[in-house]
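Asker: can you look at this prediction? I've put the sequence above it.
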Amino acid sequence: MTSTASLAPPSPRRLQAAAWALRIQFFVSGALFATWGVHVPTVKAHYGLGEQSLAIAMLASGVGALLALTQAGRVVARFGPRGVAGLMGALCAGGVSLLIVPDAYLGLVGLLMLFGATASLFDVAINAEATEIEHLAARPLMSGFHAMFSLGGMVGAGVGSLLPWLGWTPQTHLFAACGAGIALILGACAAMLKMRTEAGEKQPMSLPRGVLALIGALAALGLIAEGAMYDWSVLFMKQERASDASIAALGYASFSLAMALGRFGGDWVRARVAPVPLMIASGLLAAAGMAAALLVPVAGAGLLGFALVGLGLSNVVPVLFSAASKVPGISAAHGIAAVSSLGYLGMMAGPPLIGMIAEHSSLTAGLACVVVFALVMAMSAQRALGVTQPGGGQPCRRLTDTRIGR
């Protein structure tokens, strides 16, 4: 993982402004993912696709992301998080706006590959900046930053639910989301910290092994479940529960709102609950919520179930990233980099896997994978986290040296 540093220690006011600018970037990232998620049924209908063809198109997004991630360290090191976030965020928003412009399936595949590549670089850039701000603030802030991603997803899905009632066409919504996203991204970039740039990544990332590989596998399972909600929740509500477009979009919104609330309270929870029991509870809650959504054939049960999935998954990434930084014999930077790479792979590869199962069986069967993966997370928590947290781990201590307003 590339290390970046600010050119000079910023003043408290400057650091606070940078933190809020970064929250805006996470918010926009979540909103862009939600805009894509809300319009999965629109894309499916526009191109006349089955679940398998749609899953293959989604896989193109994953391929684009993985190709970009091989160079992400060098790119962020060379141009700095602020420059990469501005350019890649704007290109990501532009790609979303064009999703239903082409008539050819190959055009969709190309756009989703662009979306995956630019979204992953945007994500790496803002997380690099988040790491530096958290270090300078000397207290945990990462859960709050990621909460803004979830809040952006909730707002993006909520807007997608409201606009059909106002007579907006899908294309008008996509263009409006693009314009608003680019304006917010570029405006926030002006307040981000300027980081020292480097010539490039000097050491390649090695594959994780042992307990680090297990933690990374759990991150992948958790993010497969999260990615399933982003890409398939709206279609599930519309196709399996016969909901109209506005109610279907609320499936994504309920998931994102619950995840945002869980992450906003994440630092408070992690200060009081040890990692192993927290991970077990998280996995069981997510499994129960997904099972309720799939087994109870009522739209309201789907909305409640998706909310429980969001609450259950909300603290999985913070817990696993913290554990990765404490693996004996492994530097914190290497541990987090390895786990995040496996997690991101899971998030991008999971939705196409679910789509292929749906094509040969049903979307309900495909989303049942979320139940299985959440249960595996719960059952593997002690083995994965016990090494880094002897005796089940102690709650995280709150650092209060410097406070940044939320």
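Answerer: Perfect, thanks for sending it.

Asker: same for the least confident helix or strand in the chain by mean pLDDT, what does it pack against?
Answerer: In the chain, the helix or strand scored least confidently by mean pLDDT, DSSP states H and E is helix 332-360, which has a mean of 74. Applying 3 or more CB pairs under 8 Å, 6 or more residues apart in numbering; DSSP states H and E, we find helix 332-360 packed against helix 51-97, helix 105-137, helix 210-239, helix 316-324, helix 363-385. C-beta: built from backbone N, CA, C; applies to glycine.

Asker: closest to residue 302 out of the ones you listed?
Answerer: Nearest to residue 302, of all the helices and strands packed on helix 332-360, is helix 210-239, at 5.7 Å by CB to CB.

Asker: ok and that closest one relative to helix 316-324, angle-wise?
Answerer: With axes from the mean of the first three to the mean of the last three CA atoms, to 10 degrees defining the directions, helix 210-239 sits at 170 degrees from helix 316-324.

Asker: model confidence score at the nearest residue in space to residue 362 that is not next to it in sequence, please.
Answerer: Of all residues not flanking residue 362 in the chain, residue 240 sits nearest, at 7.6 Å (CB to CB, 6 or more residues apart in numbering). On pLDDT, residue 240 comes in at 89.

Asker: for residue 240, give me phi and psi.
Answerer: phi -90, psi -30 (degrees, to the nearest 10).

Asker: just give me the neighbour total for it.
Answerer: 19 (other CB atoms under 10 Å).

Asker: surely residue 194 meets residue 83?
Answerer: No. The criterion here is CB atoms under 8 Å, and residue 194 misses it with residue 83 at 9.3 Å.

Asker: who has more neighbours, those two?
Answerer: Between residue 194 and residue 83, counted using other CB under 10 Å, the more crowded position is residue 83 (18 against 14).

Asker: quick one, what contacts that one?
Answerer: Residue 83 makes contact with no residue under the criterion CB atoms under 8 Å, 6 or more residues apart in numbering.

Asker: with residue 55 instead?
Answerer: Contacts of residue 55 by CB under 8 Å, 6+ apart are 351-356, 358-359.

Asker: how about 6 Å then?
Answerer: 352, 355-356 (CB atoms under 6 Å, 6 or more residues apart in numbering).

Asker: ok, residue 57 next?
Answerer: Residue 57 makes contact with 108-109, 112, according to CB under 6 Å, 6+ apart.

Asker: 8 Å instead?
Answerer: Residue 57 touches 43, 49, 105, 108-109, 112, counting by CB under 8 Å, 6+ apart.

Asker: any regions of this protein where pLDDT drops low?
Answerer: Along the chain, the model assigns pLDDT under 70 to residues 1-8, 70, 73, 196-208, 325, 330-338, 348, 387-406.

Asker: circling back: pretty sure the residue nearest to residue 362 sits against residue 365.
Answerer: No. Counting by CB under 8 Å, residue 240 sits too far from residue 365 to count as a contact (10.6 Å).

Asker: from residue 307, how far off is the closest residue to residue 364 other than its chain neighbours?
Answerer: Once flanking residues are discounted, residue 364 sits nearest to residue 294: 5.3 Å by CB to CB, 6+ apart. For residue 294, the distance to residue 307 equals 14 Å [CB to CB, to the nearest Å].

Asker: which element, helix or strand, includes residue 139?
Answerer: Using DSSP states H and E, residue 139 falls within no helix or strand.

Asker: how near is it to residue 295?
Answerer: Using CB to CB, residue 139 is found at 42 Å from residue 295.

Asker: neighbour-wise, which of the two wins?
Answerer: Neighbour comparison, residue 139 and residue 295: the larger count goes to residue 139, with 16 against 12 (by other CB under 10 Å).

Asker: mind checking how far the more buried one is from residue 133?
Answerer: Here residue 139 is placed at a distance of 10 Å from residue 133 (CB to CB).

Asker: again with residue 171
Answerer: Distance from residue 171 to residue 133, by CB to CB: 37 Å.

Asker: neighbour count winner among those two?
Answerer: Remark: of residue 171 and residue 133, residue 133 carries more neighbours, 23 against 16, as counted by other CB under 10 Å.

Asker: quick one, what contacts the more buried one?
Answerer: Per CB under 8 Å, 6+ apart, neighbours of residue 133: 15, 18-19, 22, 141, 193, 404.

Asker: wait, which of those residues is closest to residue 266?
Answerer: In terms of CB to CB, no member of the contacts of residue 133 lies closer to residue 266 than residue 141, at 10.5 Å.

Asker: so the closest one sits right up against residue 131, yeah?
Answerer: No. Residue 141 lies out of contact with residue 131 (CB under 8 Å); the separation is 9.7 Å.

Asker: out of those two, which sits in the more crowded spot?
Answerer: Higher neighbour count among residue 141 and residue 131: residue 141, with 22 against 19, using other CB under 10 Å.

Asker: thank you kindly, that will do.
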